[in-house]
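**Student:** pasting the sequence and the predicted coordinates here, then a few questions.
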Amino acid sequence: MLTITQKIKLSVLFSKTLLFLFLFSVSVNVFAQGSFVSGKVTGPSGESLAGVSILVKGTSRGTSTDNNGNFSLNVTDPNATLIVSYVGFQTMEVNLAGQNTITVALVASGKQLDQVVVVGYGTQRKRDITGSSASVKGSEIMNIPALTATQAIQGKVAGVQITSSGAPGSAPNVRIRGVGSILGGADPLYVVDGIITDDIRNINSADIVSIDILKDASSTAIYGARAANGVVLITTKAGTKGKFTVSYNGYAGVKMLVHKVQMAQANLYTLYSNEAAGVNAITSADITGNTNWYDELTHPAFIQNHNISVSGGKNKYRFFFSGGYLKEQGSLKGNDYTRFTLRYNHDISITSKLKLGNNLSFSHYVSNNKPYSLFTTAYIAAPIYNAKNPDGTYGFTTKSDVGNPLATLEYTHDQSYGVRGEGSLWGEYQITKNLSFRSSFGIDAQQNNGKIYVPVYQVGTTTQRNDVSRLTYTADSIYQWVWDNYFTYNKQFGTAHNLTVTAGHTSERKNGWTENSIKNNVANDKSQWKLNFTDTAGGQQNLRRAIDNYYKRESYFARLNYRFEDKYLVNATFRRDANSNFSPSYRWGNFPSIGVGWLINKENFMSHQKLFDNLKLRASYGLVGNDVILPGRFDLTPTDLLYAYFGTTRINGAIPTGIVDPNLKWEVTKEFDLGVEFSSMNGKLNGEIDYYHKNATNALYTIPLVDVGFGSQFLTNAANVLNQGIEISLGWNNRINNNTKYSLRANATFNKNVVENIGLGKALDFGSLGNGWTATRTVVGQPIGSFWVFKTNGIFQTAADVAAYPHVTNAQPGDFRIVDVNGDGVIDNLDRVFVGSYQPKVYGGFNATLNWKKFDFNLDIFGNFGNKVYNANKGVRYGGNYNVAYDIASKRWEPGSNNNTNPRAFNGVPYPTDYFVESGSFVRINNITAGYTIQPNTKYINSVRIYASAQNPFILTKYTGFTPELPGNPNEAGIELNIYPISATYMIGVNIQFK
């Protein structure tokens, strides 16, 4: 039996061996046999078109053009026909007729239904797809200052909600058609060049050709038990036969907070605090400064990104190589993230039937971290003293429980860093004209390290101190691999029937270990901030264990696509999955789907109408799964050791500490989709409308136990969650003249989320406010993570008013009048009500592009409507003399003011009321970009594009906190407490294409 270390070494050796063989095959490619065609694709004015899809008709083999419009493709038939398609242009079929080099000039059309898109284990024309999917070109996101590609597509795709944090290095929350799981995973499945992953922060956006998002069960069922939350397919660039092409893309800019909260300054803070305490606890002698803590902790942050790529090919092979460097500072001083990436994609035609290739990437990152909680600390810190004294020591006050935030920032030494290698080695063999086989082995290996050092310090005479230095050092070694093997059969029967069948098998493994060491009394010397995990000197404590989320998966899949007379479509998919994290009795699951489509415009009765160029009606139904669960949750493991003596003999025993459900299984989502796609006015107008009904069944939920003695609850499949809604996407493309063209695109999603059933379970409370209260609850009849608070009806103005109305203990004039909802004369949890959730009722985006001669302009807008957020910062006054926002302090209730908006000055724990719940609706400009392209008459440079861009420069919202964009766990997202706000980025960049 091989150990984990041996398995990793074997995998690495295997990968290196195959890579060597591929590189060797490149050097001897002159012996390879086969037919290779290359060419160039241009637009009506002769301009090069990048990202054009090229497919060999009757097969699944295809490619796309590079940044200069060039392509190369291996074909088995010198008389093959190529299908050339691109958004905004008419699809063309080009017969090679024995030619090795061709030039294709596309004609403007805008008929999106002809676009070839990536689907699971293959490609299809958009017109042939019976499910709901969307595609975003890599050129649309390449110059957006975002760590991940998903951040860059916010607002571009209907049905896809993306919520980001402002922290450098953080991954966004991506929700496709709502949240369907309560305690399971809610993130989509990512597939990068066939490699399944849950984290794409290692992928350089400049390397991406396209992002294809599969939204409904018909599209995602090919991925079975992992597809309930949608699938995001990412395809990276490939090389092109011909001379080398070198490109450089880079930008640099500055990031700034755009929605700072104005805090009460020294005098107003003193007045407010003394009113809250009822005495003059703070005097003028205690005021030694007037500090804006946000100004002390934050700064304009610098961001830069540089990418260089080299691509080309010769004879039977092609390659793409790129290197990228990203450095992003955070708004908090000392917080930054650095990433370095390398990519090498290569393929070679050994013969006319055999093709081999690889997609390899490497990344290295370093993140210097600072606590998110500092944004809350800066909110509540007393402004009456200086951050630092003239002698360089930290300022302090004994009049507040909150320590010096700047000291906390600068005494935090927290760094994480790591490397990651991700790649696939693949081969394709054309067995016959109609039958092909593909095998692909992908591996994702990563090493993540972290170190946190806390020095000895004390700030003044306060309790802000640490008496014993401590170093915590961690290392996670994780590897996973996936091996796909599948056949594709494609056959055209006469002129009416076309059949494509794909069938195969997939194996997956994930394993690894995590190590942790802690040592006290470590010197404040960075050169010593590393521990050996086997060392025990100096009282060092070490822990080594397996990672939490290891698994084994086995899968079989099949898909049938049938097209009759190019107007009637059928897509049937079946996948059978097994996951080691479930009990043997429930380890396997079946996930079928069926989709049908009708190209109505192809009917004879539509031949004389002029309204629609294309009109397609489609419907689908299918089952997909969610298997995100930690291993062993079905297994009852005794952990409490007992013993008893029988005479002098000791007998050991154990008892269970809880109850488990041995029948745990995956969550199953049943989804129906009905959609229509159309284009009109010679392709100028195009659109897509979908209705979906997505019912997640057997969702994981906890059931309470009463008087059992083995714990308070257990996990089982008990809940149902429904998401249903409508998606609308519209686009308009027009060319005014040879010098001017523009496009307008808009999308909107209307989604309703509701928990329909929790079995024998009770409502679950989430959203801790850090003061003993929670703000959200998940229960039948409400959206997941709904805000559950006390309703208010004004403010008590007098003592008589308090006495005449049910109230909480110690209520005073100036406090909120909490509504006695159930009328029992007592204010308690039975009076709490639901007032909305963070999940929006409507969200969408708008995009406009304009090209005039050599100038280009782009505008992206994103909107989010109908949701709520909880401004928890307003309620953080459970300590002594915490600061508050200026508006709260200046507009507080005072005797005789008749103020019914803001309460009196107070210290203590506030009840969670609707006062803290605000509108989460907003409209934000995501991006404004203006560029100018020149084509210098030089020997080495083909084109230079210079541009200026603003990311998130403006937001329109009624929310009074930092940001209404608050990512997090679905059960508690939308609470502003210890969050990292979004910044605006202003930058300039350049794209250079070398000859």
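**Tutor:** Done, it's in.

**Student:** can you give me the strands for the stretch 401-550 of the chain?
**Tutor:** 413-430, 435-454, 457-458, 465-466, 470-493, 497-520, 541-546 (DSSP state E, counting those that start in this stretch).

**Student:** repeat for the stretch 551-700 of the chain
**Tutor:** 551-564, 568-579, 588-599, 612-626, 640-646, 649-655, 667-680, 685-704.

**Student:** what is the longest one packed up against?
**Tutor:** Helices and strands touching strand 685-704, by 3 or more CB pairs under 8 Å, 6 or more residues apart in numbering; DSSP states H and E, are strand 667-680, strand 713-737. Every C-beta, even on glycine, is put in place using the N, C-alpha and C of the backbone.

**Student:** please tell me how far Ile196 sits from His346.
**Tutor:** 21 Å (CB to CB, to the nearest Å).

**Student:** can you check Ala763 too?
**Tutor:** 55 Å.

**Student:** the two: which is more packed in?
**Tutor:** His346 (22 against 13; other CB atoms under 10 Å).

**Student:** quick check: pLDDT value at the closest residue to that one other than its chain neighbours.
**Tutor:** Nearest residue to His346, sequence neighbours excluded (CB to CB, 6 or more residues apart in numbering): Phe319, at 4.4 Å. Looking at Phe319, its pLDDT reads 93.

**Student:** so where's the stretch 151-300 of the chain shaky on pLDDT?
**Tutor:** Counting by pLDDT under 70, the stretch 151-300 of the chain contains no low-confidence segment.

**Student:** if we use 90, what do you get?
**Tutor:** Scanning the stretch 151-300 of the chain for pLDDT under 90 picks out the ranges 184-185, 238-245, 258-260, 277-279, 281.

**Student:** now do the strands in it.
**Tutor:** 160-163, 173-176, 189-192, 195-197, 208-214, 231-236, 242-257.

**Student:** buried set for the longest one?
**Tutor:** Same thing as strand 242-257. For strand 242-257, a neighbour-count test (16 or more other CB atoms under 10 Å) marks 242, 245-247, 249-251, 253, 255-257 as buried.

**Student:** picking that back up, Glu688: which of the strands of the stretch 401-550 of the chain is closest?
**Tutor:** With CB to CB, the closest approach to Glu688 among these belongs to strand 497-520: 23.0 Å.

**Student:** right, and the residue nearest to His346 touches Gly312 too?
**Tutor:** Yes: if you go by CB atoms under 8 Å, Phe319 and Gly312 touch, sitting 6.5 Å apart.

**Student:** mind listing the shared neighbours of the two?
**Tutor:** Contact with both Phe319 and Gly312 is made by residues Gly239, according to CB atoms under 8 Å, 6 or more residues apart in numbering.

**Student:** a markdown table for the strands of the stretch 401-550 of the chain, including mean pLDDT?
**Tutor:** Formatted as a markdown table, those follow (pLDDT from 0 to 100):
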| stretch | mean pLDDT |
| --- | --- |
| strand 413-430 | 96 |
| strand 435-454 | 96 |
| strand 457-458 | 96 |
| strand 465-466 | 96 |
| strand 470-493 | 96 |
| strand 497-520 | 95 |
| strand 541-546 | 90 |
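
**Student:** out of those, nearest to Ser135?
**Tutor:** Closest among the strands of the stretch 401-550 of the chain, using CB to CB: strand 497-520, at 19.3 Å.

**Student:** nearest to Ala475, out of the helices and strands packed on strand 685-704?
**Tutor:** Using CB to CB, the nearest of the helices and strands packed on strand 685-704 to Ala475 is strand 713-737, at 29.8 Å.

**Student:** elements contacting that closest one?
**Tutor:** Using 3+ CB pairs under 8 Å, 6+ apart as the test, strand 713-737 ends up in contact with strand 685-704, strand 740-757.

**Student:** of those strands, which stretch is the most buried?
**Tutor:** Stretch with highest mean neighbour count among the helices and strands packed on strand 713-737: strand 685-704 (a mean of 20; mean count of other CB atoms under 10 Å).

**Student:** can you give me the strands in the stretch 801-950 of the chain?
**Tutor:** Under DSSP E, counting those that start in this stretch, the stretch 801-950 of the chain gives strands at 816-818, 832-837, 842-852, 855-865, 868-870, 917-919, 922-934, 941-957.

**Student:** the longest one pairs with which strands, and in what direction?
**Tutor:** When pairing is defined by DSSP bridges, strand 941-957 lines up against strand 922-934 (antiparallel), strand 983-994 (antiparallel).

**Student:** so can I have CSV of those showing distance to Ala973, mean neighbour count and mean pLDDT?
**Tutor:** As requested, these are exported to CSV (distance: least, CB to CB, whole Å; neighbours: other CB atoms under 10 Å; pLDDT from 0 to 100):
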stretch, distance to Ala973, mean neighbour count, mean pLDDT
strand 922-934, 15, 18, 95
strand 983-994, 20, 20, 95
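
**Student:** reformat these as CSV; add distance to Ser205.
**Tutor:** Listed next are the strands paired with strand 941-957 as CSV, based on distance: least, CB to CB, whole Å:
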stretch, distance to Ser205
strand 922-934, 13
strand 983-994, 13
